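Visitor: Dropping a prediction and its sequence here:
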Amino acid sequence: MAATSLCLAWRSDACAARRDALMVALAAAHAALLIAFPVAPVIALGVWWNSNTIAHNFVHRPFFRSRAANRLFSAYLSALLGIPQSLWRDRHLAHHAGVTWRLRLSARLRAETALVLALWAAMATRASLFFLRVYLPGYLAGLALCWLHGHYEHARGTTSHYGALYNLLAFNDGYHAEHHANPAVHWSRLPERRVPAVYASAWPAPLRWLDAFSLEGLERLVLKSRLLQRFVLRAHARAFRGLLRAAPDRVAIVGGGLFPRTAMVLGEMFPAARLTIIDANRANLDRARTFLGAPDIEYIHATYPEGLDRAHDLLVIPLAFDGDREAIYAHPPAPLVAVHDWIWRSRGASRVISFALLKRLNVVRSGDGRIRPNGLFLSRADRSVCPRVSRDRS
């Protein structure tokens, strides 16, 4: 009976309605936070976060059955964010439709614009220093964050981010490709519509500019400093020693040829283990030989998984891996799989490698204890993100 009553007021099924009610409550909490902490960073983050969560979802699926209630809530968001929601709605829906947006001066847009301007005039008149030195800088910074967010959602094509923490705090905003494919689907159901072959970034949209700082560039920086090399080796050694107890017989290391810290650490930990390094870059393999100098290490010039043709006890996946980590976590292709990942992505047994490197090591176990050679454990969608190269054993 309670769910039925709720659905009479809210515009969706009972489960979605409860989640929409949470968004309305958070919109009220946003106003309370601004009153309690009227500082520029809170204003900026509020404009960005609300615009991409509450306001965004309200654009696609108005929360109430009542048209009057929806218009009232739209007016409230307009005043709260300083952005007329009718304007935001028209622009955003034009973006989804792939058409050029044109300004349409509807009565609702004029009313919401008048409300925003009246609020700004009141602040400028009664608290001019606050308006000029706190509100306006925070508001403009919030708009800049919104622009950054929107730009990097599409800078390399429609891009998703599957980090659990971000999607918890931003109501699955990271499922952006899925949202574009299903714009009318409630945000809570987007993970069910995950697009298998979509390009995914390790960074949420506002931080995606960090992709410009490539992992290879950071590796080359480490190559120039003995101090950095010692730091990186110690940090990785602590993580591996904390997670690996029994000595493996055969170890396959994917990538890592540029600065072979994994091979150096595991070679010292398990001197009897037979190591194989698989790297698609021959120059990286040649450089690894100069660091390691061990004649019994096998070097394979190929792309994983094509370069792997025999069983190994331990498989090591690098942070720069281009394939589907979730497929590896769900179906580990070796008895033990050690996956270098970002610090916020904990899976299986896990240890932080370094807070400075934003990196952790996850170890997962296979159910059947055998590796599947030649990529048979990967689906076709998974293979599409693992480009093939010719196999050339060095």
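Guide: Done, it's in. Numbering: from 1, shown residues only.

Visitor: Arg250 against Arg274, yeah?
Guide: Yes: under the criterion of CB atoms under 8 Å, Arg250 is in contact with Arg274, at a separation of 5.1 Å. All C-beta spots, glycine's among them, are computed from the backbone N, C-alpha and C.

Visitor: Can you work out which residues contact both of those two?
Guide: Any residue near both Arg250 and Arg274 by CB atoms under 8 Å, 6 or more residues apart in numbering counts here, and not one turns up.

Visitor: so what's the residue sitting nearest the centre point of the chain up against?
Guide: Nearest to the geometric centre of the chain sits His161, at 3.3 Å (CA atoms, centre = their mean). Counting by CB under 8 Å, 6+ apart, His161 makes contact with Asn167, Gly174, His176, Ala200, Ser201, Ala202, Trp203, Pro204, Ala205, Arg208.

Visitor: 6 Å instead, please
Guide: Gly174, Ser201, Pro204 (CB atoms under 6 Å, 6 or more residues apart in numbering).

Visitor: Could you do Tyr304 as well?
Guide: Val254, Ile278.

Visitor: Tell me which helix or strand it sits in.
Guide: Assigned by DSSP states H and E, Tyr304 belongs to no helix or strand.

Visitor: Could you report the distance from it to Ala320?
Guide: When distances are taken as CB to CB, to the nearest Å, Tyr304 and Ala320 turn out to be 11 Å apart.

Visitor: swap in Asp286?
Guide: Plainly put, Asp286 is 18 Å away from Ala320 if you go by CB to CB.

Visitor: swap in Ala237?
Guide: For Ala237, the distance to Ala320 equals 20 Å [CB to CB].

Visitor: Kindly report the same for Ser201.
Guide: Computed with CB to CB, the distance linking Ser201 and Ala320 is 13 Å.

Visitor: Sketch out the low-pLDDT regions of the stretch 151-300 of the chain for me.
Guide: Counting by pLDDT under 70, the stretch 151-300 of the chain contains low-confidence residues at 197, 212-218, 256-257, 294.

Visitor: any idea where the helices of it begin and end?
Guide: 164-169, 176-181, 215-223, 226-243, 261-269, 282-292 (DSSP state H, counting those that start in this stretch).

Visitor: out of those, nearest to Leu103?
Guide: Within these, the stretch nearest Leu103 is helix 176-181; the backing value is 23.7 Å (CB to CB).

Visitor: Show me how far the closest one is from its chain's centre.
Guide: Between the mean C-alpha point of helix 176-181 and the mean C-alpha point of its chain there is a distance of 14 Å (CA atoms, centre = their mean, to the nearest Å).

Visitor: Name the residues of that helix that are buried.
Guide: Along helix 176-181, the positions that meet the burial threshold by neighbour count (16 or more other CB atoms under 10 Å) are His176, Ala177, Glu178, His179, His180.

Visitor: Just send the residues you listed back as TSV, with distance to Val254 too.
Guide: Below are these laid out as TSV (distance: CB to CB, whole Å):
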residue	distance to Val254
His176	28
Ala177	26
Glu178	28
His179	32
His180	32
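
Visitor: now, among those residues, which is nearest to Tyr299?
Guide: Ala177 (36.9 Å).

Visitor: Distance of the closest residue to that closest one other than its chain neighbours relative to Arg189?
Guide: Counting by CB to CB, 6 or more residues apart in numbering, Ala177 lies nearest to Val198, which is 4.1 Å off, once chain neighbours are set aside. Remark: distance between Val198 and Arg189 (CB to CB) = 17 Å.
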